[in-house]
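Visitor: With the sequence up front, the predicted model follows.
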Amino acid sequence: MDETVNPSRLASLAGDPEVASLVEQEFDRQSRSLQLIASENFTSEAVLEATGTVLTNKYSEGYPHRRYYGGNRVIDEVEDLARNRLAALFGADHANVQPHAGAAANLAVYQALLDPGDTVLAMRLDHGGHLTHGSPASITSKFWRFVDYGVTPRDDESPSSERIDFDEVRDRAKSERPRLIVAGATAYPRVIDAEQFREIADEVGALLMFDMAHVAGLVAGGVHPSPVPHADVVTLTTHKTLRGPRGGAILSCAEHAKAIDSAVFPGLQGGPLEHVIAAKAVAFKEAATPAFAQYARDVVANAAVLGAALADEGIRPVTGGTDNHLLLVDLRDFDPKLTGKEAQEVLDLAGITLNRNQIPGDPRSPFVTSGLRLGSAAETTAGMGADEMREIASLLGRSLRNRGDAAAQDVIRDRVRTLCGAFPPYPDPRGVRPA
Ligand SMILES: *Cc1c(COP(=O)(O)O)cnc(C)c1O
């Protein structure tokens with residue numbers, strides 16, 4: 001094994017056994033259980049390496065060639081590389097790679113484009129929208145007035161139900177006259193049509209922001225249509241399907257570039273995380289390769305197989321399936337008494353990691369829920385394919401059906417370990433060890 005490869009960085013942590021042990025435990029958890037959280041992925045080793053560099057030491061408030069402190073000649077090149085690669089990857093006029101997270105990117109856009117009290121039309125949280133799209137628990141709802149749209153109700157006779165209700169989007173836009181319309185979601189398994197949103201925004205004279213946090217990697221890989229030609233501003237996370245380090249970014253047309261940059265710094269943040277920006281640059285280069293395009297196709301194909309196999313287990317995918325990397329499943333047909341919370345806990349014991357999620361019209365609270373959200377992005381990176389997706393669905397169904405039976409869960413957990421052992425996300429720096 002290559003001695004320089006050390007994804008969990010255990011060797012350099014020898015002086016701090018407490019942290020080293022925790023990193024090792026997490027390395028093992030990620031390697032030995034199924035990672036099906038739709039917003040997670042396994043970065044490349046190059047991304048991990050870049051994140052752990054001396055670039056973390058440098059203060060670089062401002063933007064390349066306009067910094068407040070000295071000593072930024074190299075850092076300027078790093079950030080220029082990252083923003084040029086990002087703008088080229090998505091064909092945008094302007095890129096800002098400084099947001100520490102997707103939430104910070106969204107806040108910066110609101111700050112750049114809106115005045116306090118302005119109206120924003122965004123997707124309902126319990127229909128798939130994100131906290132930063134106006135949740136009462138988010139600061140966004142305290143500064144701006146959010147109104148919402150949702151998906152059409154479930155109708156088993158109609159194959160296109162539970163999709164974004166564009167009639168409602170148009171009606172709400174006409175009656176509420178928002179200054180900004182937000183498209184994009186955190187739990188929506190279908191393509192979001194930016195062109196339709198653009199038409200509606202134009203009809204009411206609103207700006208359009210597309211939050212592609214989840215699907216940025218699918219857009220980069222060419223399997224989800226790009227919102228960039230249609231939206232005034234596009235926000236993204238770099239760590240979900242795009243498979244980079246944890247962080248956010250903003251793409252915009254030239255007209256909004258200056259306002260966006262000022263909103264990120266000094267509006268919201270201080271010094272940028274240049275080690276993370278270097279890792280973002282690495283990820284953007286990776287995402288421009290044919291291998292990444294193939295990855296994106298595999299992610300979508302795997303999610304489709306997983307969805308069909310879950311349906312065979314009696315676990316209904318909301319909208320009947322998926323176009324992207326994620327599935328939202330409705331547990332009520334499978335077992336009306338089984339909540340998302342309980343299902344998540346049972347599956348966790350079996351080594352199947354995913355999250356409970358409200359489904360559209362969920363009668364249960366966001367803490368309990370009647371659904372689960374799963375994604376194929378991480379385990380596709382680890383190399384799993386259609387056969388493994390079918391096996392995952394079968395293990396998941398067995399685990400939920402036998403949820404009172406500890407012996408059955410042990411058998412499932414062993415099988416999950418064996419499956420994960422055949423698809424390690426990283427080489428183990430400690431060499432081969434018994435599971
Ligand atoms: C994940 C997500 C975000 C926030 O990203 P963080 O990096 O967790 O702050 C914003 N919008 C959407 C739609 C998301 O899915």
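Guide: Thanks, I have it. Since this is a predicted model, take the numbers as computed values, not measurements. Residues are numbered from 1 along each chain as shown.
Visitor: so where is this structure shaky, pLDDT-wise?
Guide: Flagging of the chain using pLDDT under 70 yields the residue ranges 1-10, 431-435.
Visitor: Domains of it: list them as residue ranges, please.
Guide: 19-36+290-431, 58-287 (automatic domain parsing).
Visitor: so which of these is the most packed in?
Guide: Each of those was scored by mean neighbour count; the highest is domain 58-287, a mean of 21, by mean count of other C-beta atoms under 10 Å. Any C-beta I mention is one placed from the backbone N, CA and C, and that applies to glycine too.
Visitor: start to end distance for it?
Guide: The first and final residues of domain 58-287 sit 26 Å from each other (C-alpha to C-alpha, to the nearest Å).
Visitor: next one: stretch 229-248
Guide: 20 Å.
Visitor: can you tell me if it touches the ligand.
Guide: Yes: judged by C-beta under 6 Å from any ligand atom, stretch 229-248 and the ligand are in contact via Thr237, Gly248.
Visitor: among the domains of the chain, which is nearest Ala46?
Guide: Ala46 lies closest to domain 58-287 among the domains of the chain, at 5.0 Å (C-beta to C-beta).
Visitor: How far does the closest one sit from its chain's centre?
Guide: Taking C-alpha atoms, centre = their mean, to the nearest Å, one finds domain 58-287 lying 12 Å from the centre of the chain it belongs to.
Visitor: returning to that earlier point: among the domains of the chain, which comes closest to Ser44?
Guide: Ser44 lies closest to domain 58-287 among those, at 6.1 Å (C-beta to C-beta).
Visitor: Doesn't Ala309 belong to a strand?
Guide: No: per DSSP: H, G, I helix; E, B strand; the rest coil, Ala309 lies outside any strand segment and is helix.
Visitor: what kind of secondary structure is the closest residue to it other than its chain neighbours in?
Guide: Among residues not flanking Ala309 along the chain, Ala393 sits closest, at 3.3 Å (C-beta to C-beta, 6 or more residues apart in numbering). Put simply, Ala393 is helix when judged by three-state DSSP.
Visitor: OK, now which residue of the stretch 51-200 of the chain is nearest to the ligand?
Guide: Gly102 (2.4 Å; C-beta to the nearest ligand atom).
Visitor: Contact partners for that residue?
Guide: Applying C-beta atoms under 8 Å, 6 or more residues apart in numbering, we find Gly102 in contact with His130, Thr132, Asp211, Ala213, Thr235, Leu236, Thr237, Gly248.
Visitor: Output the domains of the chain as a markdown table; include the columns distance to Phe42.
Guide: Below are the domains of the chain laid out as a markdown table (distance: least, C-beta to C-beta, whole Å):
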| stretch | distance to Phe42 |
| --- | --- |
| domain 19-36+290-431 | 4 |
| domain 58-287 | 7 |
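Visitor: sorry, back to before: now do the contacts for the residue nearest to Ala309.
Guide: Ala393 sits next to Leu306, Ala309, Leu310, Asp312, Glu313, Ile315 when contact means C-beta under 8 Å, 6+ apart.
Visitor: hang on, the earlier thing: mind checking which of the contacts of Gly102 land in strands?
Guide: Secondary structure from DSSP state E places Asp211, Thr235, Leu236, Thr237, Gly248 of the contacts of Gly102 in strands.
Visitor: Just the closest of these to Arg413, please.
Guide: Nearest member of these to Arg413, counting by C-beta to C-beta, is Thr237, at 30.7 Å.
Visitor: Go ahead and confirm that closest one touches His100.
Guide: No: between Thr237 and His100 there is no contact under C-beta atoms under 8 Å: 10.7 Å.
Visitor: which neighbours do the two share?
Guide: Common contact partners of Thr237 and His100 (C-beta under 8 Å, 6+ apart): Gly247, Gly248.
Visitor: Off-centre distance for the helix or strand hosting Arg415?
Guide: Using DSSP states H and E, the element containing Arg415 is helix 406-421. Distance, stretch centre to chain centre, for helix 406-421: 27 Å (C-alpha atoms, centre = their mean).
Visitor: Now do that helix: which elements does it pack against?
Guide: Applying 3 or more C-beta pairs under 8 Å, 6 or more residues apart in numbering; DSSP states H and E, one finds that helix 406-421 contacts helix 17-32, strand 34-35, helix 340-349, helix 386-401.
Visitor: angle of it against helix 340-349?
Guide: Angular relation of helix 406-421 and helix 340-349 on a 0 to 180 degree scale: 70 degrees, by axes from the mean of the first three to the mean of the last three C-alpha atoms, to 10 degrees.
Visitor: which other residues reach helix 406-421?
Guide: 31-34, 346, 349-352, 382, 388, 391-392, 395, 398-399, 402-403, 435.
Visitor: Alpha carbons of that helix, as PDB, please.
Guide: Output in PDB follows, covering the C-alpha atoms of helix 406-421 (Å, rounded to 0.1, in the frame of the first residue of the first chain):
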ATOM      1  CA  ALA A 406     -32.300  -8.800  17.600                       C
ATOM      2  CA  ALA A 407     -30.900 -12.000  16.100                       C
ATOM      3  CA  ALA A 408     -32.300 -11.000  12.700                       C
ATOM      4  CA  GLN A 409     -30.700  -7.600  13.000                       C
ATOM      5  CA  ASP A 410     -27.300  -9.200  13.800                       C
ATOM      6  CA  VAL A 411     -27.500 -11.300  10.600                       C
ATOM      7  CA  ILE A 412     -28.300  -8.200   8.600                       C
ATOM      8  CA  ARG A 413     -25.500  -6.200  10.200                       C
ATOM      9  CA  ASP A 414     -23.000  -8.900   9.400                       C
ATOM     10  CA  ARG A 415     -24.100  -8.900   5.800                       C
ATOM     11  CA  VAL A 416     -23.900  -5.100   5.600                       C
ATOM     12  CA  ARG A 417     -20.300  -5.300   6.900                       C
ATOM     13  CA  THR A 418     -19.400  -7.800   4.300                       C
ATOM     14  CA  LEU A 419     -20.900  -5.800   1.600                       C
ATOM     15  CA  CYS A 420     -19.100  -2.600   2.700                       C
ATOM     16  CA  GLY A 421     -15.900  -4.500   3.100                       C
END
